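Peer 1: Output the structure for:
(4 chains)
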Amino acid sequence: MSDMSFPLVTATAVLPALGAVATAAVPAARRTVAKWLALAVSLGTLVLAGWVLAAFDAGGERYQLTESYAWIADFGVRYEVGVDGIAAALIALTALLIPFIIAAGWHDAEPDPDGEGADAGRRWRPTQGFFALILMVEAMVIISFAATDVFVFYIFFEAMLIPMYFLIGGFGDRAHAAGEAEGAKQRSYAAVKFLLYNLAGGLIMLAAVIGLYVVTADQLPAGTFSLQQIAEARASGELEMATNTERLLFLGFFLAFAVKAPLWPLHTWLPNAMGESTAPVAVLITAVVDKVGTFAMLRFCLGLFPEASAWATPVVIVLALVSIVYGALLAVGQRDIKRLVAYASISHFGFIILGIFAMTSQGQSGATLYMVFHGISTAALMLVAGFLISRRGSRLIADYGGVQKVAPVLAGTFLIGGLATLSLPGLAPFVSEFLVLVGTFSRYPAAGIVATAGIVLAAIYVLLLYQRTMTGPVDKPEIARMPDLRPRELAVVAPLIALLIFLGVFPKPLTDIVNPAVEHTLSDVRETDPEPELPAVEATE
Amino acid sequence: MSATTLSGAAAAEPVHSLWTVAAEAPSIEYAQLSPTLIVLGAAVVGILVEAFAPRRARYGVQVALASLGFAGAFAAVLALAMGGYATDKAAVAGVGAVAVDGPALFLQGVILLVALVAVFTFAERRLEPRAGGGPVDSFAAQPAAVPGGEGEKAAVKAGWTTTEIFPLLLFAVGGMLLFPAANDLLTLFIALEVFSLPLYLLCALARRRRLLSQEAAVKYFLLGAFSSAFLIFGIALLYGYAGTVSYAGIAEVVEGTVPSPGPALAASMSSDALLLVGGAMVVMGLLFKVGAVPFHMWTPDVYQGAPTPVTGFMAAATKVAAFGALLRLLYVVLPGLRWDWEPVLWGVAIVSMLLGAVVAITQTDVKRLLAYSSIAHAGFILAGVVATSPEGVSSVLFYLLAYSFVTLGAFSVVTLVRDAGGEATHLSKWAGLGRRSPLVAAVFAVFLLAFAGIPLTSGFAGKFAVFKAAAEGGAGALVVVGVIASAIAAFFYVRVIVLMFFSEPSPEGPTVAIPSAFTTVAIGVGVAVTLVLGVAPQYFLDLAGQAGVFVR
Amino acid sequence: MNPVNYLYLAALLFTIGATGVLIRRNAIIVFMSIELMLNAANLTLVAFSRMHGNLDGQIMAFFVMVVAAAEVVVGLAIIVMLYRSRHSASVDDASLMKL
Amino acid sequence: MDSLIGLLVAAPLLGAAVLLCGGRRLDRTGHWLGTALAATSFVIGAVLFFDMLGREGEDRALHQHLFSWVPVQGFQADVAFQLDQLSMTFVLLITGVGSLIHLYSIGYMEHDERRRRFFGYLNLFLAAMLLLVLADNYLLLYVGWEGVGLASFLLIGFWQHKPSAATAAKKAFIVNRVGDMGLSIAIFLMFTTFGTFAFGPVLENADRAGEGTLTAIGLMLLLAACGKSAQVPLQSWLGDAMEGPTPVSALIHAATMVTAGVYLITRSGAIFDAAPTAQTVVVTVGAVTLLFGAIVGCAKDDIKKALAGSTMSQIGYMVLAAGLGPIGYAFAIMHLVTHGFFKAGLFLGAGSVMHGMNDEVDMRKYGGLRRYMPVTFVTFGLGYLAIIGFPGLSGFFSKDLIIEAAFSAGGVQGWVLGGATLLGAGLTAYYMTRVMILTFFGEPRWKNRPAPSPASPDVEPSAQESGEHAEPHPHESPRSMTIPMIVLAFGSVFAGGLFNWGEAFVHWLEPVTSFEHPHPPIPIPVITAATVTMMLLGVGVAWAQYARRPVPVVAPRGSLLTRSARRDLLQDDFNHAVFVSGGQHLTRSLVYLDHTVVDGAVNGTAAAFGGLSGRMRKLQNGFARSYAVSMFGGAAVLVAATLLMRAV
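Peer 2: Residues are numbered from 1 along each chain as shown, chains lettered A, B, ... in the order given. Alright, predicted model coming up:
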């Protein structure tokens, strides 16, 4: 595959990167051009990602569409990319969501009409910047998913913080409950918190990355970051890590991913970041960027440090359970729509991490599907919430009520997004959540039961939110005047909902791709699924 | 390869001696010394220009002379490197006084490039308002005049400028070129003084805020001289211990490989106290120049007070030269004492990283902030120094290359942000800069991110190289501290970015001056190097890697 | 006389010089103290030169003297400039920049 | 024929999709489309039924495998249907009663501008319910299970502008989710035990598994059933669910959805048969609920809530019967079907009454309505006679059989259960007679009354909101509403007899549920006599209390028992105090903790560095001499450290 064929994976990442540059270069007065350009680029990326999916042969090699070029020989780094089923699915998710994010944020970044004079307006190009940054994030996320070299992954894992940081800090909701100035302050607090949290995690990972190099350089002919090479060397016994070394390195990696994911108690940046950013950016954070964290746990923590992963599993499972319950309980207690969704996401990331560390095929396939489906469902819920918030200019739940009376379509789509969030059967997230739970239960029954309690809590926070915002009498004039979803907004939400339903009913195309990759991962950690108590029960059809 | 084998007459002598060599006409390898000679020659010509050329013509001639001098010297460095003097033909020249080897040529190349760019920032004349009918630069019209006095007013009115800065720059660079190449302690000391004295003067020459500028110069001078005193006393003690000032000679004594030590030498060799105390004092003199804790205290004040182009040059080039000298001293002279100085430098590195990062958090002046940042970076580089391996050397070389251009670029940007009182260095004035001048703010953000070590910038590649070398050298704990310090440091870099992009601009905020091509080129080179070294550092890593071995 | 005694003297001078730098306020005197330290170094060099029986130390001492002279030129220029601006040569007065 | 099974589900699903996505242009025709698709489903069901009758017992089950749904290694979930006699019974009940209620709703919801959506939800419910009973594995059943929960949520909260309706809908869903947890865990256990969760292999191999595992599975399934079928302790949502439009109460919260728990237990019979402990818990839950529901039903003045209590109680009978094992399964299902008829009829009657009474639900404000609504009176009356077990009518047969089976449980258990069922029969007669008398007999209490008193806890806020404070003019409902009532009344009267004709129903179900004849310790005629006696006693007491003296419009304070029964025997208050208030305190303190402790630690670290920085920068005091001290000290330390290093 790798010989001289078209570098499809790289192209999928390079296209949005180039698009970002082009979008940023659009003159200030041509804002609309920038928007359409960005949308077109994102759709083009979607096509390429679709091509990746199509070119990926589920029954073939573990990593496909591989590319390998010399890069920084001194650091033992090659530019190596390639996709397994998990990466292919997540790349597809990323490419899928970006056009919706762009379309949803169509009016989110306009220059102030009361800007500081013509001179300032001429150079300040928030619209171009907004869409360029989104495309830049997309490019980096795609490379992160595709990287099969630890260093390449690390580079983009860290670098994507910067455009994200500008997206969070630079583009908040126009109206803020606490006033304009206070809003700007909280926004920059959120952005800084996001960056520092993740940077700190990333720097700790840097220490571990260097440690990994030292270990490989010590025992192999040359230091390397190549996943495959390290895995092969470990399998052949050529590379042996001392127990403590492996554990320390694992912790370094895991901490960075746990911040990104985020896992309790490293989660507090997420509510701030999601609360203060605009809805499309919030979606970008939780549905796309954070997935890199959980993905990396699956690929790097488990793939590089199988023994340490097994060693850490009990603690990670407990933390994941705490995340599930804690996130859900805090979501119940939130007064702010976006923060509520953020805490709900923390709970969901708990599920994903639980599934990964359950070390069963159901758990890990479930976790992978969960990443995809949670992306779609959160996008649906959060984007509709964004539309709602843009109408009323408030994020506070208490400022709403009775919306379904005046905007039934908005309320309906919001409800479906909410139902997907609470994993209603028939919608996609149910499949993944159930797989995670069943996978967890089959190895750790007690953990499975505690996590199952999460589904009750999910119902509480989703329905409480729906009840408080959408139902009841219309007693606020702002609500009474509220328009229903506009065609653009409907065009954003409807396909997401259709996908949620379709994948809920027929997730097989995705499971077919993901399953072999999960089997490879499980063989990395030398785990097999627990056998059923009663062997050889024939499935009679 | 030893110095003695090259200079034939000295070969017979058991101990290398300046005196004995001087008895015969020494052979000087002019070609190998040409970079330094070209720069110093240009400096001398510059003095003559000051003396004889008409005032109006001086600026143009000096700029051209300095640029050509640096470019020519750089070409000479290139030629030497191509000629293999960085690798297999590496040797000592100038009667054992100067080493021409990989690290020396690499660092000389870096210093010359930095200097070339610095000439551009020195020559910038579009930022200050015109005076006396002509454009002026950011140096004092008449340094001798009392600030605010009649003489100054007259000088300003007349549109005078201080074109002496260019010869001063040339002299300083000449000293810096010699510094990392110095192969005996005498040359080391002379080179130190040759580049320090012009810098003291340059610090005092700001056009605006002259009181601060003068204060900076006084502090820099007094503390610099104080540290020189320590250095020379240390040199004296080392000489007392080894009976020679040649690096190779001292190394031999330290290792105990002298064939037949005389009675005096045998007596002094019996006790290591002289060696240890002398070595420590010499190292301290060098640590002062790199601005490592606890010898860092001059840095913030001098960085803040000096004219910004000078600060940029000084911050970049001094660090390169001083680290080069430190490397050579530790790797060539004192490798036998490795177990003595390694823990000490560990301590200095850790304290530098942490203190620089922590104190920078609460800084309110952008130049002081960058000063503290440079202290933290000194700590990072020291982590590579203590790796005590060829990888360590080359990682430090690479880091210096990366760091110097980021620094130069960052200070060049600082020169652009101005209000009625000159440069607006207080951070509060930078609020909302991203709104007014997105491009300038973005460029500065790139530099800040490089300082913070964000991937895809040169700062990351450098940090990675240094930490990797340190970890391979068994300094894993140092890497962990470095990582923590990086996290703390990230906080204040980010703070500036927040200020620029997410704060509302104040109505009476500064404006961003449109610079001439000089500064634009300087900043452009900075950005380009930052990104190229971040994205495709392999070529430069190779270069640094080949340059990782010292001649002896 | 044992040349080692010169070393003791030199160390004493160096200490006196350093103390002067630390405790005196007048920039000129501070500077003079530094010169004292340099001269202590010179004395050391010469003494060692004598002990080792080679001339390197003496040559170095000459160089140090030249450098010291150059330093005086630069240093006095700066100090005088400072004095003219402030009508004071106290190093403690020059503390506009801090924190 | 197999492929028709899919169509059963598809028809109403299509209806739901079209109606919900179709937009305003379907407002005028949507209800007919919905009804037609429900009827289509019924017709398909009927076709399949007659096809099934054409085959012999064991061969009657049909299977249809549509596609592989979630395949992950050992975990193989398929979308596959199984239509056996048990499913068939439900299909006919669901589509039959469902179609009737669609028809009824056309009239009932005529004046609601969101009628189209109402029919969409109804169709969605039908689809989900059919999926529930047709699924051939537990996971697909789970989809239907939650699907009906969703439909129930949407329909209870259909009048979302009423906060009480929205709250009730949410409560129903959340309480049901607790039950769903049970179903989830049961499926996990099946997967880890059997490696599959399809009905066939699990049930066939059930006896091979350990009893402990089976008990756990059984209890988890029971938890699920409790949630869905409003059994103690998860019964609290059903009373509030009456906030929904009455057709919804009739279809979902009386005839079909709430009986899903009984279906689940019956379907999983093989598991319960092998886990006697679980069975004991099942019958206990059934017995407690049948009394609990009956007592609550006795005290409610809201006609729908009284009926809801009755539903709870009747399902208690079914659960009890299902818990008895092979002697009870068939009876449970038979009672389920007959209950489907008469309870749906009763609810439709109640809806008809409310329709004529400006949506008034307080029975104390009814009275003497038999003259104004003759059709409603007659059909309601027949349903009433059926539910109290009047000899010859449906309820008599089905309930009597359960009582017999209960006595047959053996030993003390048999006596206790038998006693409970008998007592329940008496209570049923009492509260239903009370409803009957308060509504249709006595003096009209709705004339000349002032605006509804807010003091009464059961008064509907909607009555006030609708702005129709005028005196109601009771009238008979339109034809589209009365016809379904009449049809259901026929069912109420004849179904029981028909089913019991030569044990037809029992034999029909036997291949699926297995059957053993109950052998009660006392002769069957004695039990029957006792049942009839209890019934008459209940009727008599109610008659004495409500027909012999005037009924006050405002409810008297009543005894402690009455008051607590009005409040659902304080179970709701307990839930509120423990779960709702406790949960609120917990979340509030967690929000606080998250801010102060978890986030505080991070911000505190940042602040600590800031403080440290502020203190350390003071070292830089601007005095060159102090800088020199630092250097000198540094040099001293450097030298000392180097020397020390050597010394050590």
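
Peer 1: Is the strand or helix carrying residue B:501 in proximity to chain D?
Peer 2: Assigned by DSSP states H and E, residue B:501 belongs to helix B:476-502. Yes: Helix B:476-502 reaches chain D (Cβ under 8 Å from any Cβ of the partner chain) through B:488, B:491. From N, CA and C alone the C-beta is placed, and that goes for glycine too.

Peer 1: so what secondary structure elements neighbour the helix or strand just after that helix?
Peer 2: Counting by DSSP H and E, the element after helix B:476-502 in chain order, helix or strand, is strand B:511-512. If you count contacts as 3 or more Cβ pairs under 8 Å, 6 or more residues apart in numbering or on different chains; DSSP states H and E, strand B:511-512 packs onto strand B:417-419, helix B:433-436.

Peer 1: Repeat the analysis, applying 10 Å as the threshold.
Peer 2: With contacts taken as 3 or more Cβ pairs under 10 Å, 6 or more residues apart in numbering or on different chains; DSSP states H and E, strand B:511-512 sits against helix B:390-416, strand B:417-419, helix B:433-436, helix B:438-452.

Peer 1: Ok, which of the ones you listed comes nearest residue A:96?
Peer 2: Ranking those by proximity to residue A:96 (Cβ to Cβ) places helix B:438-452 first, at 29.9 Å.

Peer 1: elements contacting the longest strand seen in chain A?
Peer 2: Counting residues, the longest strand found in chain A (DSSP state E) is strand A:64-72. Strand A:64-72 sits against helix A:8-25, helix A:31-55, strand A:77-83, helix A:85-104, helix A:126-146, helix A:150-159, helix B:458-472, helix B:538-546, with contacts defined as 3+ Cβ pairs under 10 Å, 6+ apart.

Peer 1: In a markdown table: the ones you listed, plus mean neighbour count and mean pLDDT.
Peer 2: What follows is these, written out as a markdown table (neighbours: other Cβ atoms under 10 Å in any protein chain shown; pLDDT from 0 to 100):
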| stretch | mean neighbour count | mean pLDDT |
| --- | --- | --- |
| helix A:8-25 | 21 | 90 |
| helix A:31-55 | 19 | 91 |
| strand A:77-83 | 24 | 89 |
| helix A:85-104 | 26 | 91 |
| helix A:126-146 | 28 | 90 |
| helix A:150-159 | 26 | 91 |
| helix B:458-472 | 29 | 91 |
| helix B:538-546 | 19 | 88 |
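
Peer 1: quick one, strands of chain D?
Peer 2: Listed in chain order, the strands of chain D (DSSP E) span D:62-72, D:75-83.

Peer 1: quick one: stretch A:449-468 near chain D?
Peer 2: Yes: Stretch A:449-468 lies within reach of chain D by Cβ under 10 Å from any Cβ of the partner chain, at A:449, A:451-464, A:466-468.

Peer 1: now those: which count as buried?
Peer 2: A:449, A:451-464, A:466-468 (16 or more other Cβ atoms under 10 Å in any protein chain shown).

Peer 1: before we move on, the earlier item: worst average pLDDT in the helices and strands packed on strand B:511-512?
Peer 2: Ranked by mean pLDDT, these end with helix B:433-436 in last place, scoring a mean of 82.

Peer 1: hmm, that one touching chain A?
Peer 2: Yes: judged by Cβ under 10 Å from any Cβ, helix B:433-436 and chain A are in contact via B:434-436.

Peer 1: Now rank those residues by neighbours and give me the top one.
Peer 2: residue B:434 (26 neighbours; other Cβ atoms under 10 Å in any protein chain shown).

Peer 1: Correct me if wrong: that one contacts residue B:509.
Peer 2: No: using Cβ atoms under 10 Å, residue B:434 is not in contact with residue B:509; the gap is 11.7 Å.

Peer 1: returning to that earlier point: need the residues of helix B:433-436 next to chain A in JSON lines (columns: distance to residue D:634).
Peer 2: Output for those, formatted as JSON lines (distance: Cβ to Cβ, whole Å):
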{"residue": "B:434", "distance to residue D:634": "40"}
{"residue": "B:435", "distance to residue D:634": "44"}
{"residue": "B:436", "distance to residue D:634": "43"}
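
Peer 1: Not counting its neighbours along the chain, what's nearest residue A:21?
Peer 2: Counting by Cβ to Cβ, 6 or more residues apart in numbering or on different chains, residue A:132 is the residue found nearest to residue A:21 once chain neighbours are left out, at 7.3 Å.

Peer 1: Find the residue ranges of chain C scoring beneath the pLDDT cut-off.
Peer 2: Regions of chain C meeting the criterion pLDDT under 70 cover residues C:1.

Peer 1: what does chain A give?
Peer 2: Ranges of chain A meeting pLDDT under 70: A:1-4, A:112-125, A:173-178, A:535-541.

Peer 1: Look through it and tell me its longest helix.
Peer 2: helix A:180-219 (DSSP state H).

Peer 1: Same check on chain C?
Peer 2: Within chain C, and with DSSP H defining each element, the longest helix by residue count is helix C:56-86.

Peer 1: What helices and strands are in contact with it?
Peer 2: Against helix C:56-86 (3+ Cβ pairs under 10 Å, 6+ apart) you get helix B:18-23, helix B:185-203, helix B:210-242, helix C:27-52.

Peer 1: that older thread, can you add distance to residue D:58 and give the helices and strands packed on strand B:511-512 back as a markdown table?
Peer 2: Formatted as a markdown table, the helices and strands packed on strand B:511-512 follow (distance: least, Cβ to Cβ, whole Å):
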| stretch | distance to residue D:58 |
| --- | --- |
| helix B:390-416 | 80 |
| strand B:417-419 | 90 |
| helix B:433-436 | 79 |
| helix B:438-452 | 75 |
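
Peer 1: I figured residue A:140 was touching residue A:13, is that so?
Peer 2: Yes: in this structure residue A:140 lies within contact range of residue A:13 using Cβ under 10 Å: 7.7 Å.

Peer 1: list residues touching both of these two?
Peer 2: Common neighbours of residue A:140 and residue A:13, using Cβ atoms under 10 Å, 6 or more residues apart in numbering or on different chains, are residue A:156.

Peer 1: Per-residue confidence, the closest residue to residue D:35 other than its chain neighbours, what does it come out as?
Peer 2: With Cβ to Cβ, 6+ apart as the criterion, residue D:35 has its nearest non-adjacent residue at 4.1 Å, and that residue is residue D:102. Per-residue pLDDT puts residue D:102 at 90.

Peer 1: that older thread, just the helices and strands packed on helix C:56-86: most buried one?
Peer 2: Of all the helices and strands packed on helix C:56-86, helix B:210-242 has the most neighbours on average by mean count of other Cβ atoms under 10 Å in any protein chain shown, namely a mean of 27.

Peer 1: So is that helix next to chain D?
Peer 2: Yes: residues of helix B:210-242 are located near chain D by Cβ under 10 Å from any Cβ, namely B:215, B:218-223, B:226-227, B:230, B:233-234.

Peer 1: so how far is that helix from its chain's centroid?
Peer 2: Its chain's C-alpha centre and that of helix B:210-242 lie 16 Å apart, by Cα atoms, centre = their mean, to the nearest Å.
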